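**Student:** Predicted structure and sequence below. I'll ask about it afterward.
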Number of protein chains: 2
Amino acid sequence: MTNRGSERDTQQKRAIRSAIETAGRPMSPREVLDEALPLSPGLGIATVYRTLKSGVDGGWLTQVELPGEPPRYEATGKQHHHHFHCRSCDRVYEIEGCPDGLRALTPPGFSLEAHEVVLYGLCAACAP
Amino acid sequence: MTNRGSERDTQQKRAIRSAIETAGRPMSPREVLDEALPLSPGLGIATVYRTLKSGVDGGWLTQVELPGEPPRYEATGKQHHHHFHCRSCDRVYEIEGCPDGLRALTPPGFSLEAHEVVLYGLCAACAP
DNA sequence: CCGATACTGATACGCCATTATCATTTACGA
DNA sequence: TCGTAAATGATAATGGCGTATCAGTATCGG
């Protein structure tokens, strides 16, 4: 039989993967396109969306949801972390660690399963 | 001259305000409609959106953004707090207090201006 | 009570982010 | 190298949320 159900290794996918891994921070589909375009001239936004979707389905990408924002995407496998959203350049950075006392905030009778922390301000590049 | 630029006190607005204040938690436009409908039969979703918008503009309502969710609305004027999102009933509750060590999470060179904390799990009504 | 006009409900429309379509190109096993 | 099917790019279509429109209604100062 011939090639069935396989996934081909294309220049476009390589460019997209490379862009995300190089950036090391969650990126929007638009950001991914901008970063990957030089690596794969002519790359279209549809292919970015397709690759991001299959990446999430395939498990190597994780969708990052932030308040009031469309989803961003980052490589899977990093340890537990949170995010910093720069108000100036709109980029999102990963931050290590986790605040204390989250359990104490949970109301009686509620069961805590997960949490999300987002910091806002200016990143090093945008700070005065 | 006659009445100019005034805002009228209608049954619909009273119902919407009452619903939000009674609930005491951030509600989506849909939730507001459901809660206010018994107080004002025939109430339409457009009026809910209009009233929520004017409430935010007027300052008595605050828009609450949560990751991957359309905005919810709560009464303005409460002290600093965060939210608990129940995974079962999808309701959002207010929680008092604030975790420690947020500043310590901020990377060097970044300036921290605000933060958001969201807890996920089951509320008292949905917990086993 | 009256009249001007803000308000309302139903719904058409617009905006964005994402997905489907489809003709063409490309990867890759044989 | 060949053939075939997956992949791509351009763009139309979709879906969800919110706003604009408009004819009819209700508020409220006079």
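**Tutor:** All right, it came through fine. From a predicted model like this one, the values you see are computed outputs, not experimental measurements. Residues are numbered from 1 along each chain as shown, chains lettered A, B, ... in the order given.
**Student:** For stretch A:53-69, buried residues please.
**Tutor:** For stretch A:53-69, a neighbour-count test (16 or more other Cβ atoms under 10 Å in any protein chain shown) marks A:G55, A:L61, A:T62, A:V64, A:E65, A:L66, A:P67, A:E69 as buried. Just so you know, the C-beta spots here come from the backbone N, C-alpha and C atoms, and that holds for glycine as well.
**Student:** And stretch A:26-37, by the same measure?
**Tutor:** Of all the residues in stretch A:26-37, those buried under the rule 16+ other Cβ under 10 Å are A:P26, A:M27, A:S28, A:P29, A:E31, A:V32, A:L33, A:E35, A:A36.
**Student:** now for the helix or strand of chain A with the lowest mean pLDDT, which elements pack on it?
**Tutor:** For chain A, using mean pLDDT, DSSP states H and E, the weakest element among its helices and strands is helix A:102-105, scoring a mean of 95. In terms of contacts (3 or more Cβ pairs under 8 Å, 6 or more residues apart in numbering or on different chains; DSSP states H and E), helix A:102-105 is packed against strand A:111-122, strand B:111-122.
**Student:** For chain A, list the residues in contact with DNA strand C, please.
**Tutor:** A:1-3, A:6, A:8-11, A:28-29, A:45-46, A:49, A:53, A:70-71 (Cβ under 7 Å from any atom of the strand).
**Student:** wait, what's in contact with the residue lying closest to A:C89 once chain neighbours are set aside?
**Tutor:** What sits nearest to A:C89 in space, not counting adjacent residues and going by Cβ to Cβ, 6 or more residues apart in numbering or on different chains, is A:C126, at 5.4 Å. Taking Cβ atoms under 8 Å, 6 or more residues apart in numbering or on different chains as the criterion, A:C126 is in contact with A:C86, A:R87, A:S88, A:C89.
**Student:** What's the separation between A:E65 and B:Y120?
**Tutor:** To B:Y120, A:E65 is 11 Å away according to Cβ to Cβ, to the nearest Å.
**Student:** Then A:V64?
**Tutor:** Here A:V64 is placed at a distance of 15 Å from B:Y120 (Cβ to Cβ).
**Student:** give the contact list for A:T62.
**Tutor:** So A:T62 contacts A:V56, A:Y73, A:E74, A:A75, A:T76 (Cβ under 8 Å, 6+ apart).
**Student:** ok so, going back, any of the residues of chain A next to DNA strand C buried? List them.
**Tutor:** A:S28, A:P29, A:P71.
**Student:** Tell me which residues touch A:C86, please.
**Tutor:** With contacts defined as Cβ under 8 Å, 6+ apart, A:C86 is in contact with A:V92, A:Y93, A:G121, A:L122, A:C123, A:A125, A:C126, B:F110.
**Student:** Next, format these as a markdown table and append distance to B:G97.
**Tutor:** Converted to a markdown table, those look like this (distance: Cβ to Cβ, whole Å):
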| residue | distance to B:G97 |
| --- | --- |
| A:V92 | 26 |
| A:Y93 | 26 |
| A:G121 | 21 |
| A:L122 | 26 |
| A:C123 | 28 |
| A:A125 | 33 |
| A:C126 | 30 |
| B:F110 | 24 |
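**Student:** Output these in CSV; the columns should cover distance to DNA strand D and pLDDT.
**Tutor:** Shown next, in CSV, are these (distance: Cβ to the nearest atom of the strand, whole Å; pLDDT from 0 to 100):
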residue, distance to DNA strand D, pLDDT
A:V92, 22, 98
A:Y93, 27, 98
A:G121, 25, 97
A:L122, 27, 97
A:C123, 28, 97
A:A125, 30, 96
A:C126, 28, 96
B:F110, 30, 97
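**Student:** now, which of those sits nearest DNA strand C?
**Tutor:** Of all the contacts of A:C86, DNA strand C sits closest to A:V92, with 13.9 Å by Cβ to the nearest atom of the strand.
**Student:** how much space between that closest one and chain B?
**Tutor:** Going from A:V92 to chain B by Cβ to the nearest Cβ, to the nearest Å gives 12 Å.
**Student:** and that residue, bridged to which residues?
**Tutor:** In this entry, A:V92 is beta-bridged to A:H85, by DSSP bridges.
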